[in-house]
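[1] Sequence and predicted structure are below.
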Amino acid sequence: SAWEKVGDILDVWFDSGCTHAFVLEQRPDLKWPASLYLEGSDQHRGWFQSSLLEACGTRGRAPFDEVLTHGFVNDEDGRKMSKSLGNVVVPQKVIEQSGAEILRLWAMSSDYAEDLRIGPDIIKANVDSYRRLRNTLRFLLGNLAHYRDGLTVGYSDMPELERYMLARIAELDAFVRDGYIVYDFKRVFHALLNFCVNDLSAFYLDIRKDALYCDPEDSVTRRAALTVMDRLFAALTAWLAPMLCFTMEEAWLTRFPEDKGSVHLREFPDVPQEWDDTALREKWRKVRQVRRAVTGALEIERRERRIGSSLEAAPKVYVADVALRGALEGVDLAEIAITSGASLVAGEGPAEAFRLEDVPEVAVVFARAVGTKCARSWKILPEVGSDPEFPSLSPRDAEAVRQFDRLTAQPG
């Protein structure tokens, strides 16, 4: 007696298949056909099928341009969630404990073409990934506080390392755009995470800390680094906005608090054609191979407590491969390896030298840096003490301090 029969349902699947007609066609703010139908894989014989049959019969075509299906969510061992097993992950609890961004990051980094997995360890891994991305943006924001348009360096005047990073931006921009178009969010996420961790934090930003912190304010290297960081910030906040919408908005408004718009109203920044330098990317792929061999050798010295910092080293680097040696032409190996010095030698190198299995053409022999430690940059250089005004500094650092003193002494 508590139930009332409803007479306006012909069949639940047929009725759901008609929704395109009475939703999309009758609402002026929507359009027919739909851009995308999104549902679980069980709807291949359900809503997707009934919508297709009904629309083809009455409209002569599918009611959607594209269909995207996803698997079901299981626990991290691949088991179906159930209260009896105690393995149910409640989205609201994940949001309360870790934040909505972590849940979004999990969804974007998962392979939705298969059944998805979630659990404490998987969430923890996503928290770690999020922290790495956020720390990269924090570093960019901290340094870009010192950037203004007058410091910009043109592409042709940049050091080669900066032009290489712009080439990587161009390469990644094409990859990200293509990935988003085909809804390959996992591929986009891992490419961006790898870029932030390996290309930026462990490579480019690490190398450029010396110029950012110790160069005179008007040095070309420092200004070029800030110019590239400005381009990096613009690109990363755009690329990551669909994934981490709150974090990118926070980062954007932190840098541009007067902006009345939103990071989500921006389009992806245009990439100048001159940035897309395939030959430069290939050259620096080889440079980074040599760098890995050097850092591998220094890591052993650090682990054995023979050195505390890479700046205590001035390794001798033997390169047998002609192409690798050619790639290093014009490259400051000490700067790239973050050592106080480095010498490049043609040849195989001694048998006891350090070698990586995947880069056998490079042999590294450790040697200590010779000279005195600069109190400002911590580099160990023979020229430290040559400036009578600042005897504890290298000439570069002494000039930077003099310039800073002149600027701070100016009225206003």
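    Great, that's in hand. Residues are numbered from 1 along each chain as shown.

[2] so where do the strands sit in the stretch 301-412 of the chain?
    Across the stretch 301-412 of the chain, reading from the start of the chain, the strands by DSSP state E, counting those that start in this stretch fall at 316-319, 343-346, 354-356, 359-365, 372-373, 380-381.

[3] got the buried residues for the longest one?
    Within strand 359-365, the residues scored as buried using 16 or more other CB atoms under 10 Å are 359, 361-365. In short, each C-beta sits where N, CA and C put it, glycine included.

[4] Also stretch 9-26?
    Neighbour-count burial for stretch 9-26 [16+ other CB under 10 Å]: 13, 17-18, 20-21.

[5] what does stretch 27-40 give?
    33-34, 37.

[6] quick one: contacts of it?
    20-21, 23-25, 46-48, 51, 55, 61-72 (CB atoms under 8 Å, 6 or more residues apart in numbering).

[7] Wait, Phe139 touches Tyr204, no?
    No - with the criterion set as CB atoms under 8 Å, Phe139 and Tyr204 do not qualify as a contacting pair; they are 10.8 Å apart.

[8] Give me the more crowded residue out of the two.
    Set Phe139 next to Tyr204 and count neighbours by other CB atoms under 10 Å: Tyr204 wins out with 20 against 17.

[9] quick one, phi psi at Arg376?
    phi -100, psi -50 (degrees, to the nearest 10).

[10] So it versus Ala107, what's the distance?
    With distances taken as CB to CB, to the nearest Å, Arg376 is found 46 Å from Ala107.

[11] can you check Ala224 too?
    Ala224 is 38 Å from Ala107, by CB to CB.

[12] Compare these two (neighbour count), which wins?
    Neighbour totals were compared for Ala224 and Ala107, and Ala224 leads with 24 against 19 (other CB under 10 Å).

[13] Which helix or which strand is home to the more buried one?
    In this structure, Ala224 sits in helix 220-240 according to DSSP states H and E.

[14] any idea which helix or strand comes after that helix?
    Secondary structure here is assigned by DSSP H and E; on that basis, the next helix or strand after helix 220-240 toward the C-terminus is helix 245-255.

[15] Would you mind saying which of the strands of the stretch 301-412 of the chain lies nearest Gly78?
    Closest of the strands of the stretch 301-412 of the chain to Gly78 is strand 354-356, at 36.3 Å (criterion: CB to CB).

[16] can you list contacts of the closest one?
    Judged by CB under 8 Å, 6+ apart, the contacts made with strand 354-356 from elsewhere in the structure are 292-293, 296-297, 300, 349, 362-366.

[17] Let's see that with 10 Å instead.
    Residues outside strand 354-356 that contact it (CB atoms under 10 Å, 6 or more residues apart in numbering): 289-290, 292-301, 315, 317-318, 348-349, 361-366.

[18] Same question for stretch 298-315.
    The contact list for stretch 298-315, computed with CB under 10 Å, 6+ apart, reads 210, 293-295, 297, 333-334, 337-343, 353-354, 364-371, 373-374, 377-381.

[19] got the angle between the helix holding Ala224 and helix 245-255?
    Using axes from the mean of the first three to the mean of the last three CA atoms, to 10 degrees, the direction of helix 220-240 lies 150 degrees away from that of helix 245-255.

[20] Would you tell me which of the strands of the stretch 301-412 of the chain gets closest to Ile95?
    The stretch from the strands of the stretch 301-412 of the chain with the least distance to Ile95 (CB to CB) is strand 354-356; that distance is 43.4 Å.

[21] so what strands line up beside that closest one?
    Taking DSSP bridges as the criterion, strand 354-356 pairs within the sheet with strand 359-365 (antiparallel).

[22] With just CA atoms, put the strand it pairs with into CSV.
    Below are the C-alpha coordinates for strand 359-365, written out as CSV (Å, rounded to 0.1, in the frame of the first residue of the first chain):
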residue,chain,number,x,y,z
VAL,A,359,77.6,4.7,-20.2
PRO,A,360,80.8,2.6,-20.6
GLU,A,361,82.4,5.3,-22.8
VAL,A,362,82.8,7.6,-19.7
ALA,A,363,85.3,6.9,-17.0
VAL,A,364,85.6,9.2,-13.9
VAL,A,365,88.6,9.5,-11.6
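
[23] In strands, which of the buried residues of stretch 27-40 appear?
    Secondary structure assignment (DSSP state E) places 34, 37 from the buried residues of stretch 27-40 within strands.

[24] Tell me the one of the buried residues of stretch 27-40 nearest His146?
    Ala34 (47.8 Å).

[25] circling back: buried only: go through the contacts of stretch 298-315 for me.
    Applying a neighbour-count criterion of 16+ other CB under 10 Å, the buried members of those are 210, 293-295, 297, 333-334, 337-342, 353-354, 364-366, 369, 371, 373-374, 377, 379-381.

[26] need the buried residues of stretch 27-40 in a markdown table with distance to His190, can you?
    Output for those, formatted as a markdown table (distance: CB to CB, whole Å):
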| residue | distance to His190 |
| --- | --- |
| Pro33 | 32 |
| Ala34 | 29 |
| Tyr37 | 26 |
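
[27] which one of the buried residues of stretch 27-40 sits closest to Met81?
    Proximity of the buried residues of stretch 27-40 to Met81, judged by CB to CB, is greatest for Tyr37, which lies at 25.4 Å.

[28] quick one: contacts for the residue nearest the centre of the chain?
    By CA atoms, centre = their mean, the chain has its centre lying nearest to Cys196, at 2.8 Å. Contacts of Cys196 were listed using CB under 10 Å, 6+ apart, and they are 129, 132-137, 139-140, 202, 205, 232, 236, 240.

[29] Dump those residues to CSV, plus distance to Glu399, pLDDT and secondary structure.
    CSV is the format used below for those (distance: CB to CB, whole Å; pLDDT from 0 to 100; DSSP: H, G, I helix; E, B strand; the rest coil):
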residue, distance to Glu399, pLDDT, secondary structure
Ser129, 41, 97, helix
Arg132, 36, 98, helix
Leu133, 36, 98, helix
Arg134, 35, 98, helix
Asn135, 32, 98, helix
Thr136, 31, 98, helix
Leu137, 32, 98, helix
Phe139, 26, 98, helix
Leu140, 27, 98, helix
Ala202, 30, 97, helix
Leu205, 24, 98, helix
Leu232, 28, 99, helix
Leu236, 33, 99, helix
Leu240, 39, 98, helix
